[in-house]
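Participant: Curious how this folds, go ahead:
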Amino acid sequence: MIAACLNAWGIARTLLTDAPTWFADSSNVTSLLTGAEFVGARACSGFTECHWSNPDHARKEMQEAGLFVLEELGAEGFARGVRNEIASIAKDNPTLFEKMVDFGVLTSTLQQYRHSTDHLLLMGRS
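Facilitator: Numbering: from 1, shown residues only. As a prediction, the model looks like this:
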């Protein structure tokens, strides 16, 4: 089974540019640390109602469902939001770009980076 989660720890960075006023409500900030449902008035403007989790909670949910977590990956990591800059580097310095891509792969797999990505993918089996 593959579980795809919206990672509250990574989404916090996204909210800085997409919805900075969302931080005005201190209960929202607390929810970013713990994970919570965001529906109705709590949902971000322009974003769907959803449940944001954090890596620890997502893993625990899978284990409580009787699944063994085989692997975790993150998506939208360290280079999220800098598309134009990365495209310029790719054009001007392809060798440097390849090294950045290699580093990007690490940010999807190493825990210290993976836990700060916008999306967390957990692969599990029973």
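Participant: which residues touch residue 105?
Facilitator: Residue 105 makes contact with no residue under the criterion CB atoms under 8 Å, 6 or more residues apart in numbering. C-beta here means a position set from N, CA and C on the backbone, and glycine is covered the same way.
Participant: buried stuff in the helix or strand where it lies?
Facilitator: Assigned by DSSP states H and E, residue 105 falls within helix 94-109. Judged by neighbour count using 16 or more other CB atoms under 10 Å, the buried positions of helix 94-109 are 97, 107, 108.
Participant: from the residues you listed, which has minimum pLDDT?
Facilitator: By pLDDT, residue 107 ranks lowest within the buried residues of helix 94-109, coming in at 84.
Participant: and stretch 84-96, which residues are buried?
Facilitator: Per 16+ other CB under 10 Å, stretch 84-96 contains these buried residues: residue 89.
Participant: Now it: average pLDDT?
Facilitator: Summarised as a single mean, pLDDT over stretch 84-96 is 97.
Participant: quick one on the thing from earlier: what separates the helix holding residue 105 from the chain centre, distance-wise?
Facilitator: The chain centre lies 18 Å from the centre of helix 94-109; the measure is CA atoms, centre = their mean, to the nearest Å.
Participant: What's the first helix or strand after that helix?
Facilitator: Proceeding C-terminally, helix 94-109 gives way to helix 111-114 as the next helix or strand, assigned by DSSP H and E.
Participant: buried stuff in that following helix?
Facilitator: Under the neighbour-count criterion of 16+ other CB under 10 Å, helix 111-114 has 113, 114 buried.
Participant: Check what contacts that helix and list those residues.
Facilitator: 55, 72, 73, 74, 77, 78, 106, 107, 108, 120.
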